[in-house]
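Take a look and give me a structure for this.
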Amino acid sequence: MSELNVSRVQVEKTRRLLYANRIDDFLLFAESVMGEWSLEQKSVVCDWLLAKQQIDLLAGLSELVELPKEIEQIIRIYHGQAVDEIPAWLASRLTLGTPTFPSTQCVKTIEVVVDSLDGLNTIEKAVDQYSLRPEPFKGAFCFSKPRYSNGHLQCNIDKQGYAKCHVNDDIVPRNTDHRLYVTQQGLANVRGHVMTLNHKSGYAVLVHELMHFSGFEDEYVFSASKTKLKCAQKGRHAPNLYVGEHGDEPAGWSESPSCQFGKYRSFRPVERWSNLQYQSMPLPDLYRQLWTTILDGERVSQSL
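Next up, the predicted model:
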């Protein structure tokens, strides 16, 4: 049998091992034979793994056998490492340069920066769900094509477990309203105009954090530092937060846990739990109305 036919037989055997999910046997066999294969034959196996989204298995294979450069670049992005260029397999989903936005008009634009392939998959899933269930209305927020941080994303975790990130590179950012980082570690949060999500963040977390961009406050018990900041002075401090004594709150408002340990009590416009206390809870209609009013006001101011 010729070398070419032998290689074809070997390629077919690797396919059968893969589709039988005999991963250990696949790796052992691949290590023993793939070193003699052409790049084209290696690419066939790599394409099978890419089609099955088995990047972790590709990464394991790369430790045993030299793979085509584009595959190595994909694996580096999987690990969050620097690359020279975005490989063709990811080019429609990811960029190294200044991000682009969809042509639709939005009230607020958000530049997305991801740390790795897992980060990309996370935000794509969340944004896809958001496009099907936009809040508070369609066209409120637009997300850029994600930019790969290329190993330049630096994150610190504070005492409460929240991530604070920035990109240390020379890419000129777009003139956007907000920025969104996706990183592996740290709790999701918003600081000013910057949102940070982690690899477990989904649609509900995204909507919760988007509300913070419009000034809404959390409705769970505030930390000690936030209690001192928010609960020591009477007044309405957010669309969903009034601080004061019982009887001072606006009509129809109910006490919330936020200022449980503060000088004054906290109140919210709804009686029961909302997604600002438990992210899995639905967005109350009243909050959707309040949120819409805020964004409509910002849309009007932008047009002046």
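
which element is R179 on?
Take DSSP states H and E as the rule and R179 turns out to sit in strand 178-183.

residues making contact with whichever helix or strand comes after that strand?
Taking DSSP H and E as the definition, the helix or strand that follows strand 178-183 towards the C-terminus is strand 189-191. Judged by CB atoms under 8 Å, 6 or more residues apart in numbering, the contacts made with strand 189-191 from elsewhere in the structure are Y162, A163, K164, M195, T196, E209, H212, F213. Bear in mind the C-beta positions are built from the backbone N, C-alpha and C, glycine included.

quick one, helices of the stretch 201-304 of the chain?
Assigned by DSSP state H, counting those that start in this stretch, the stretch 201-304 of the chain shows helices spanning 203-213, 224-230, 285-303.

Which one of these lies nearest to E85?
helix 203-213 (29.0 Å; CB to CB).

Could you list the residues in contact with that closest one?
Counting contacts by CB under 8 Å, 6+ apart, the residues outside helix 203-213 that touch it are 108, 125-127, 129-130, 133, 135, 141, 177-178, 188-190, 193, 195, 197, 275-276, 279-280, 283, 287, 291.

Do you have the strands of the protein handy? List them.
Assigned by DSSP state E, the chain shows strands spanning 108-114, 141-143, 147-148, 153-157, 163-167, 178-183, 189-191, 194-198, 235-238, 241-244, 254-256, 265-268.

So which of these is nearest E12?
Ranking the strands of the chain by their distance to E12 (criterion: CB to CB) puts strand 147-148 first, at 35.2 Å.

packing partners for that closest one?
The elements that strand 147-148 packs onto, with contact taken as 3 or more CB pairs under 8 Å, 6 or more residues apart in numbering; DSSP states H and E, are strand 108-114.

Apply 6 Å and report the result again.
Packed against strand 147-148, as judged by 3 or more CB pairs under 6 Å, 6 or more residues apart in numbering; DSSP states H and E, are no other helices or strands.

Off-centre distance for that strand?
Averaging C-alpha positions (CA atoms, centre = their mean, to the nearest Å) puts strand 147-148 12 Å from its chain's average.

just use 632 as the starting number from now, easier for me
Shifting the count to begin at 632 puts that one at strand 778-779.

List the contacts of it.
The contact list for strand 778-779 (CB atoms under 6 Å, 6 or more residues apart in numbering) reads L725, T726, L727, P730, V744.

same question, stretch 670-680
In this structure, residues lying in contact with stretch 670-680 by CB under 6 Å, 6+ apart are S638, V642, T645, L688, L689, L698, P699, I702.

if you set the cut-off to 7 Å instead, what comes out?
For stretch 670-680, the surrounding residues in contact (CB atoms under 7 Å, 6 or more residues apart in numbering) are S638, V642, T645, R646, L649, M665, L688, L689, L698, P699, I702.

for stretch 740-750, same thing?
Outside stretch 740-750, the residues that reach it (CB under 7 Å, 6+ apart) are 686, 708-711, 730, 732, 751, 754, 772-775, 777-780, 784, 798, 804-805, 807-815, 830.

When you filter those residues down to buried only, what's left?
Buried subset of those (neighbour count, 16 or more other CB atoms under 10 Å): 686, 708-709, 711, 730, 751, 754, 772-775, 777-780, 784, 798, 807-815, 830.

And stretch 724-736, what's buried?
By neighbour count on 16+ other CB under 10 Å, the buried set for stretch 724-736 is L725, T726, L727, P730.

Give the closest residue to E662 in space, chain neighbours not counted.
Nearest-residue entry for E662: L695, 4.2 Å, with adjacent residues in sequence omitted and distances by CB to CB, 6 or more residues apart in numbering.
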